[in-house]
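**Student:** Just need the structure, nothing else, for what follows:
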Amino acid sequence: MSAEPRSTSLNPASDAARRDVVNVIRALAMDAVQKASSGHPGMPMGMAEIAEVLWRRHLRHNPANPHWADRDRFVVSNGHGSMLLYALLQLSGYDLPVEQLHRFRQMGSKTPGHPEYGVTPGAETTTGPLGQGISNAVGMALAEKLLAAEFNRPGLELFSHHTYVLLGDGCLMEGISHEACSLAGTLGLGKLIVFYDDNGISIDGHVKGWFTDDTPKRFEAYGWHVVPNVDGHDSEAVDRAIVASKAIHDRPSLICCKTVIAKGAPTKAGTHESHGAPLGDKEIAAARAQLGWSYPPFVVPSHVYEAWDAREAGAVAESNWKTKFGKYARAYPAEARELERRLAGELPTDFATWVQLLTARVRDRAQTLATRKASQDVIEALSPGLPELLGGSADLAGSNLTLWSGSRPVTAPRGNYIHFGVREFGMAAVMNGIALHGGFIPYGGTFLTFSDYCRNALRMAALMRIRSIFVFTHDSIGLGEDGPTHQPVEHVASLRLIPNMDVWRPCDTEESVAAWAAALERRDGPTCLIFSRQNLPFQERSAAASADIGRGGYVLIEPDAAPRAVIISTGSEIGLAVEAQRTLAQAGVPVRVVSMAATSVFDRQPQDYRDRVLPQHLPCVAVEAGSPDLWRKYVDKSGVVVGMTTFGESAPAGELFKHFGFTAAHVVEAVKAAVSRAG
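**Tutor:** I've put the predicted structure just below:
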C-alpha cells in the first residue's frame, strides 16, 4: 500500500456489491447496539461512506501490526460512535473477531462503549469525552512532524504518515477543540486531516438552537485548509476532498461533510432518537429493507470481507517500510539505533548513572531552593541526554521554569519545546497524543490551581496508562499575594484520587531529582510533579534514607530514642515537621519524621516496608497545606491532620502559613495531643 490514494474500484463491481461494502457498517452498528440495548447507532450509519472511502482508498495500516511506526493514525473523536471503529477494524482484518461485536459494551469485551487504548487492537486513543480525540490527534500529528524533521533523510523518509480524525458538533462545541485546533493551525500540521460530521443533531435535538458557529470560517481563521459543503454520502466527493487535503502540506485540513445521522433508518434518520439509543427491531428490519441488506444480524458475506480485507496490502506497506529502514540503518546506524530506542520507550542505558551523579551533586550543594527551580535544574541536567524529552508550558514558562538552555521552539526545525499559550486543557490532551504516538516523552507545565482546566486529560492519561509528565508549580498558599484564586487547597488531594496517577510533591532538591527520575522511568502511567514557588531548605538525610526516596514515603528523621509518634508531611511543610521534631526532642518526646512525597508509590510498596515506616502502634500527625481528608488513611483514631478546610487569602506567604496554623508550634501541640490520646 503506497502513500497515494488507493484504487476506487470495488470487487465485485455490481451496484449491489458497492452498496454492501458501505452498508455493512450500518448493519453491524445497528445489530451491535440493538443486542447490547445500549449505544449510538446514528453516527456510524451517518459516516459510513466517509469511513469506507478513507479506509479502503487512503489509510495506510497493517491489521497484523497495529503498532507499526509509520502507519496512518485514525482517531474517532466522537467516540460515542465506537461501533464505526469496531466495524472497520473487524472488517479490515484486525484481531477483533465478529464475536466481539456480539459482545459490544459487555464486561471484559474488546468492544467497550467508547474506544479504549490498550483494549481494542487498532484503537489509537481512548475517546468519549468530546474534544479529547481531536486534541490527542494534534499531538500525534505534531510528533510525526518532529520525528520527520529529526530522522528523515533524502530518499529515506521514515515518517510520512497522516493523522485522520472524525468529529462532530459535540467536539466542536467543547472548548478544548478551540484550544487544540488553534494551536494546530499555528504549528502548520499539514498531515492532520479532520472530517466534520455536520449532521446538525446532538442528544438534545437539532443543534441550531444552541450551536450556530460558522465552522468553516472558524477553522479558516485558525489557519486551516477547509473543504466546505462536501456531501458525506457521495463517495467520490469525499475522495476528492481527501486528495485535495493530502496535497496541502503546510496547513491542517478540515473536510466539512454534510451527513444524515442514522442514514438508512426509515423513521429515525435525521433525528436525535438515533443518537444515543438502539433503533429497535422494527426500525432495523425496515432499515435492512431500505438499504437492500438481506443478511441476518452480524453476518457479513464473503464478497464484503474480501473487499475490506487490508491484511495483504498492510503487510506489503510495512514490509516496504522495513526495507527502507534497513537501508537507513546501513547509511545512518547511530540514528537508527537511537530511533529504535525511542520508539521502544526505553531510556538510555546510562540514565541511572546520570541520576546518581546528579543526586550526588545536589547533596553536595545542599541548596535552599524553590522546588520549581530544582525541577528546572533537573531538566537542565538530564535533557541533553534525553532527546525524546519534549517540553512545554501554558504561557507560564518564566514562572514554572520548564525552559532550559537547550530549549528550541517547535516552530523551528527540530524544535523540542512547545509554547502552548494559555491553553491548559489543550496542552494536557496534546501531550497525551504525543505520548500515544511514540518517540517522545512529553512534559508540560502550569500553575497547580490550573490543573482544574487539565482535569479530563489527566484522567485520560491515567486511564490509558501513558507516560505524560505534568509539571504543576505554585503548589499551596505559599505562592502568597495572588490570593485564593491561585492558591491550591484541594488540588493535590484530588489528583491523588485519580487511579494510576502518581503525584510527587518533593520537599527539596534531592527529592526533586528522585521525583523526575521516577516520572521518566515510569512506563505504565502518567505523573504529576508538584513544585513550590518559595524557597525550601535542603534536608539532610542518611544514605539509607536517600535510597528510599523512590519508594514514595520513607523515614527522613529517626530520633535517638524509640519514637512515640510519627509526623508525616510533604513539600514545603516538611520544614515545619523537622522543626517540630527538634522541639519535641528537647521536650523529651522522640518523634519520627516521614516524608511522603508520593502516596500512591508508597501504597504500592510491600506491606512490611509500609509497616516499618508507619508502625501501626504509633500515633501519626499528618501535615500538609491542603485538603486533609486523604491523610486520614495514615492516621489512626488518635492521630491528627493539620490541613486546610477553607480557601486561602491574599497576603505574603509567611503571614498565610501563620494565619492558617502551619507553624512548628501548632504541629508540636498536635503531636502532644496525639501522644496523649494514644496513652
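**Student:** So Thr646: helix, strand or coil?
**Tutor:** coil (DSSP: H, G, I helix; E, B strand; the rest coil).
**Student:** wait, isn't it in contact with Val489?
**Tutor:** Yes - between Thr646 and Val489 there is a contact under CB atoms under 8 Å: 7.4 Å. All C-beta spots, glycine's among them, are computed from the backbone N, C-alpha and C.
**Student:** for this protein, which spans come out with low pLDDT?
**Tutor:** Residues of the chain meeting the criterion pLDDT under 70: 1-14.
**Student:** how about a cut-off of 50?
**Tutor:** Along the chain, the parts satisfying pLDDT under 50 run over 1-13.
**Student:** Give the residue from Thr646 and Val489 that has the larger number of neighbours.
**Tutor:** Between Thr646 and Val489, counting by other CB atoms under 10 Å, Val489 is the more crowded of the two (21 against 8).
**Student:** Touching, that one and Leu656? I think so.
**Tutor:** No - assessed by CB under 8 Å, Val489 is found out of contact with Leu656, at 11.6 Å.
**Student:** shared neighbours of the two, which are they?
**Tutor:** Listed as contacting both Val489 and Leu656 by CB atoms under 8 Å, 6 or more residues apart in numbering are 477, 648.
**Student:** where along the stretch 151-300 of the chain do the helices fall?
**Tutor:** With DSSP state H, counting those that start in this stretch, the ranges of helices along the stretch 151-300 of the chain come out as 169-173, 175-187, 215-222, 235-246, 281-291.
**Student:** Just the buried positions in the second one, please.
**Tutor:** Along helix 175-187, these residues count as buried under the neighbour rule (16 or more other CB atoms under 10 Å): 176-185, 187.
**Student:** Quick one, which of the helices of the stretch 151-300 of the chain gets closest to Ser638.
**Tutor:** helix 175-187 (46.2 Å; CB to CB).
**Student:** Need the contact partners of the closest one.
**Tutor:** With contacts defined as CB under 8 Å, 6+ apart, helix 175-187 is touched by 131-132, 134-135, 138, 141-142, 145, 167, 171, 192, 219, 222-224, 251-252, 410-411, 420-421, 423, 425-427, 429-430, 456-457.
**Student:** go with 7 Å
**Tutor:** By CB atoms under 7 Å, 6 or more residues apart in numbering, the residues outside helix 175-187 that reach it are 131, 134-135, 138, 141-142, 171, 192, 219, 222-224, 251-252, 410-411, 420, 423, 425-426, 429-430.
**Student:** how far out from the middle of the chain is it?
**Tutor:** Distance, stretch centre to chain centre, for helix 175-187: 16 Å (CA atoms, centre = their mean, to the nearest Å).
**Student:** For Arg342, which residues are in contact?
**Tutor:** Shown in contact with Arg342 (CB under 7 Å, 6+ apart): 388, 439.
**Student:** Okay, and it sits in which element?
**Tutor:** helix 333-343 (DSSP states H and E).
**Student:** mind listing what's buried in that helix?
**Tutor:** Residues 335-336, 338-339, 342 are the ones in helix 333-343 that count as buried (16+ other CB under 10 Å).
**Student:** likewise stretch 391-403?
**Tutor:** Under 16+ other CB under 10 Å, the buried positions of stretch 391-403 are 391-397, 399-403.
**Student:** just stretch 444-462 next, same as before
**Tutor:** Buried residues in stretch 444-462, defined by neighbour count with 16+ other CB under 10 Å: 444-451, 453-462.
**Student:** What about these, which are in helices?
**Tutor:** Per DSSP state H, helices hold the following members of the buried residues of stretch 444-462: 451, 453-462.
**Student:** Kindly indicate which of those lies nearest Tyr305.
**Tutor:** Met460 (33.5 Å).
**Student:** returning to that earlier point: most widely separated two among the buried residues of helix 175-187?
**Tutor:** Ile176 and Leu187 (16.3 Å).
**Student:** Adding distance to Trp210, write the buried residues of helix 175-187 out as JSON lines.
**Tutor:** What follows is the buried residues of helix 175-187, written out as JSON lines (distance: CB to CB, whole Å):
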{"residue": "Ile176", "distance to Trp210": "18"}
{"residue": "Ser177", "distance to Trp210": "16"}
{"residue": "His178", "distance to Trp210": "16"}
{"residue": "Glu179", "distance to Trp210": "20"}
{"residue": "Ala180", "distance to Trp210": "22"}
{"residue": "Cys181", "distance to Trp210": "20"}
{"residue": "Ser182", "distance to Trp210": "22"}
{"residue": "Leu183", "distance to Trp210": "25"}
{"residue": "Ala184", "distance to Trp210": "25"}
{"residue": "Gly185", "distance to Trp210": "25"}
{"residue": "Leu187", "distance to Trp210": "30"}
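**Student:** Quick check: the gap between Arg105 and Ile568.
**Tutor:** From Arg105 across to Ile568, the span is 43 Å (CB to CB, to the nearest Å).
**Student:** Would you map the strands across the stretch 501-650 of the chain?
**Tutor:** All strands of the stretch 501-650 of the chain, identified by DSSP state E, counting those that start in this stretch, fall at 502-504, 527-530, 535-536, 553-557, 565-569, 591-596, 620-623, 640-642.
**Student:** Name every strand pairing with the shortest one and say which way it goes.
**Tutor:** The strands beside strand 535-536 in its sheet (DSSP bridges) come out as strand 369-370 (antiparallel).
**Student:** Can you name the next helix or strand after the partner strand?
**Tutor:** Using DSSP H and E, the helix or strand that follows strand 369-370 towards the C-terminus is helix 371-382.
**Student:** So which residues lie in contact with that following helix, not counting its own?
**Tutor:** For helix 371-382, using CB under 7 Å, 6+ apart, the contacting residues are 354, 358, 400-401, 404-405, 471, 473, 506, 509, 512-513, 516, 529, 531-533, 536.
**Student:** what does stretch 485-494 give?
**Tutor:** For stretch 485-494, contacts defined as CB under 7 Å, 6+ apart pick out 447-449, 451, 474-477, 479, 503, 505, 530, 626-627, 629-630, 644, 647-648.
**Student:** change it to 8 Å
**Tutor:** Residues outside stretch 485-494 that contact it (CB under 8 Å, 6+ apart): 447-449, 451-452, 472, 474-477, 479, 503, 505, 530, 624, 626-627, 629-630, 644, 646-648, 656.
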